[in-house]
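In: Show me the folded form of this:
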Amino acid sequence: MRVLEAIRLALQTIRAQKLKSGFSAIGVFIGVTFLIGAWSIVNGMNRYMTEKFAGTLVGVNTFHLRRSPNVNFNVQDSVWRAWRRRPRIKFADANAVTHALTVSVVTAWYSEDRGSVAYNGKVAKDITLEGATERYLDIMNLKIADGRAFTPQESRAGTTVVVLGHDLAQKLFPDVNPIGRTVRIHSIPYRVIGVVERQGNLLGISLDKFVVAPALSPIQREVNPPGVVDALIVKAGSEPEMREAMDQTEAIMRSRRHLRPRQDDNFAMETSEGVLDFWKKLSRILYVVGPGLVGVALVVGGIVIMNIMLMAVAERTREIGIRKSLGARRRDILRQFLAEATALAIVGASLGIVTGVMLSWLLKVASPLPASVSPFSILLGVVVGGGVGVVAGVYPASRASRLDPIAALRQE
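Out: Just a heads-up that it's a prediction; the model follows:
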């Protein structure tokens, strides 16, 4: 019997016994569905963390000089306490580093906190309040959609002007142009001079609910103690230049803080690579654990297919005897039942792939999870489904092929 003929007979049997075939394929269907879904979530998160999350928080070829890392996971209490005892980054530190660097870089410093912004009786709460120097918007790739950014002169003078995020501008000024209007931050009036282009969401959190005012304006005392900044941002033209700037910054800060050679740094320099380190470790675990859990469903599906096929062998004993008596060889019987088991698994896997792709799309649309289906996961679903069918069908097919034709013909 040719392979194509065996597959044709297998598909005919599946169509003739739809209910039994459906129950046989359901385990593989569930396993492959969640395999596609889980793989898509991890793959999407990998791309999201690499392309947007780290780039948005830190920036490309950029590092932040901070008191402690801004993005950290699974930090012990003792480490937290040690970080809290560190001295803060000050205006003088930021100025010293900015003027001492010999690498061609762009620098800015900023501080931030949460607060409310009011206009004409409307109050927007839980807004990110940022005090920054004039190059901050450029370094963080915040492009002005309407109006302008504040100038170096306004930054040095601490002028009470402000740039709004897109969502905040829409909330406070739904029907009017915000440029030239006055908002109040902690009862202090600020003139709106610009609105930033829409940034979108980061894991479901809006990136457009913020204000940026000059670092030396009154907003400084609302977000930090006098003379203290949250971070100095240094952006270089390439990664080697960034590394050189980091080495110089470390030397400058250690000298300013009179640290001896054996003493650890009491400051942190954070890059996008550092932000991604934790996620890379976690994604490696997810790539192992996720398919492992899915494998449980596939094993159950394989056992179900094996049991159904054993029942099919018992029910079709006379048919096997007739076929053998008419000249069917052992390998023909083996091929037929193996093809049937594999076809069951592949049908279940195919339906699982379609459902998994739809599930990934729904997750992407209806939740902040950036699911992304990869061709590899689809190929893996087909291979896994077919592999389950082959493994589950070997024993029943072997048992059917070994039946004695005379004993099989006597079977009622």
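In: quick one, domains of the chain?
Out: Per automatic domain parsing, the structural domains of the chain span 3-53+277-410, 108-233.
In: Show me which strand runs longest in the chain.
Out: strand 105-119 (DSSP state E).
In: so what secondary structure elements neighbour whatever helix or strand comes next after that strand?
Out: Going down the chain from strand 105-119, the next helix or strand is strand 122-132, by DSSP states H and E. Applying 3 or more C-beta pairs under 8 Å, 6 or more residues apart in numbering; DSSP states H and E, we find strand 122-132 packed against strand 105-119, helix 166-172, strand 210-214, helix 219-223. For every residue, glycine as well, the C-beta is placed using N, CA and C.
In: In the host helix or strand of Leu362, which residues are buried?
Out: If you go by DSSP H and E, Leu362 is part of helix 330-366. Buried residues in helix 330-366, defined by neighbour count with 16 or more other C-beta atoms under 10 Å: 332-357, 359-360, 363-364.
In: any chance you could map the helices in the stretch 51-200 of the chain?
Out: 54-57, 77-84, 91-100, 136-139, 152-157, 166-172 (DSSP state H, counting those that start in this stretch).
In: and those helices, which one is worst for confidence?
Out: The stretch with the lowest mean pLDDT among the helices of the stretch 51-200 of the chain is helix 54-57, at a mean of 60.
In: Switch the domains of the chain over to JSON lines; also include distance to Leu101.
Out: Shown next, in JSON lines, are these (distance: least, C-beta to C-beta, whole Å):
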{"stretch": "domain 3-53+277-410", "distance to Leu101": "25"}
{"stretch": "domain 108-233", "distance to Leu101": "10"}
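In: Could you tell me the least trusted of the ones you listed?
Out: What stands lowest among the domains of the chain, in mean pLDDT terms, is domain 3-53+277-410, with a mean of 73.
In: thought Ser116 was touching Ile127?
Out: Yes. Using C-beta atoms under 8 Å, Ser116 is in contact with Ile127, at 6.4 Å.
In: residues touching Thr133, list them.
Out: Thr107, Ala108, Trp109, Tyr110, Ser155, Pro214, Ala215 (C-beta atoms under 8 Å, 6 or more residues apart in numbering).
In: Look up how far Ser111 lies from it.
Out: In this view, Thr133 and Ser111 are 11 Å apart by C-beta to C-beta, to the nearest Å.
In: now do Asn266
Out: Asn266 is 19 Å from Ser111, by C-beta to C-beta.
In: higher neighbour count, those two?
Out: Between Asn266 and Ser111, counting by other C-beta atoms under 10 Å, Ser111 is the more crowded of the two (20 against 16).
In: For the more buried one, give me its contacts.
Out: Here Ser111 is in contact with Glu130, Gly131, Ala132, Ala215, Gln220, Val223, Asn224, Val228, Val229, Asp230 (C-beta under 8 Å, 6+ apart).
In: Quick check: which element contains Leu379?
Out: helix 375-401.
In: typed the wrong thing, it's Phe29
Out: Counting by DSSP H and E, Phe29 is found in helix 18-48.
In: Could you give me the buried positions within that helix?
Out: For helix 18-48, a neighbour-count test (16+ other C-beta under 10 Å) marks 20-21, 24-46, 48 as buried.
In: Could you check how far it is from the centre of its chain?
Out: For helix 18-48, the separation from the chain centroid amounts to 19 Å (computed by C-alpha atoms, centre = their mean, to the nearest Å).
In: swap in stretch 181-191?
Out: The mean C-alpha position of stretch 181-191 is separated from the chain mean by 37 Å, C-alpha atoms, centre = their mean.
In: So that it lines up with my notes, have the first residue be 830 from now on.
Out: Will do, 830 is the new start, and the previous item becomes stretch 1010-1020.
In: That one spans what distance, first to last residue?
Out: 6 Å (C-alpha to C-alpha, to the nearest Å).
In: got it, and stretch 1191-1201?
Out: Stretch 1191-1201: ends 11 Å apart by C-alpha to C-alpha.
In: cool, and stretch 1059-1075?
Out: End-to-end distance for stretch 1059-1075, by C-alpha to C-alpha: 17 Å.
In: Could you do stretch 1042-1060 as well?
Out: Start-to-end span of stretch 1042-1060 (C-alpha to C-alpha) is 15 Å.
In: Show me what counts as buried in that stretch.
Out: Neighbour counts over stretch 1042-1060 (16+ other C-beta under 10 Å) mark 1042-1049, 1051-1053, 1057-1060 as buried.
In: Same question for stretch 1059-1077.
Out: 1059-1065, 1070-1071, 1073-1075, 1077.
In: Repeat that for stretch 1138-1147.
Out: In stretch 1138-1147, the ones that count as buried by 16+ other C-beta under 10 Å are Met1138, Ala1141, Val1142, Arg1145, Thr1146.
In: where's the second one, which helix or strand?
Out: Taking DSSP H and E as the definition, one finds Ala1141 inside helix 1101-1144.
In: Name the next helix or strand downstream of that helix, please.
Out: Per DSSP H and E, the first helix or strand lying C-terminal to helix 1101-1144 is helix 1146-1154.
In: Report the angle between that next one and helix 1204-1230.
Out: 80 degrees (axes from the mean of the first three to the mean of the last three C-alpha atoms, to 10 degrees).
In: Would you mind measuring the gap between the ends of stretch 924-944?
Out: 27 Å.
In: cool, stretch 1058-1073 as well?
Out: Note: stretch 1058-1073 ends 23 Å apart using C-alpha to C-alpha.
In: and it, how far from the chain's centre?
Out: 25 Å.
In: Equivalent analysis for stretch 1211-1231, please.
Out: Worked out by C-alpha atoms, centre = their mean, stretch 1211-1231 lies 37 Å from the chain centre.
In: Any chance you could list what contacts that stretch?
Out: By C-beta under 8 Å, 6+ apart, stretch 1211-1231 touches 857, 860-861, 864, 1127, 1130-1132, 1134-1135, 1138-1139, 1141-1142, 1145, 1149, 1159-1160, 1162-1167, 1169-1175, 1177-1179, 1181-1182.
In: Can I get stretch 912-920 as CSV, trimmed to CA atoms?
Out: C-alpha atoms of stretch 912-920 as CSV (Å, rounded to 0.1, in the frame of the first residue of the first chain):
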residue,chain,number,x,y,z
TRP,A,912,21.0,51.7,47.9
ARG,A,913,18.9,54.0,50.1
ARG,A,914,22.0,55.0,52.1
ARG,A,915,23.8,56.1,48.9
PRO,A,916,24.3,59.9,48.4
ARG,A,917,21.9,61.5,45.8
ILE,A,918,23.1,62.7,42.4
LYS,A,919,23.3,66.5,42.6
PHE,A,920,23.3,69.3,40.1
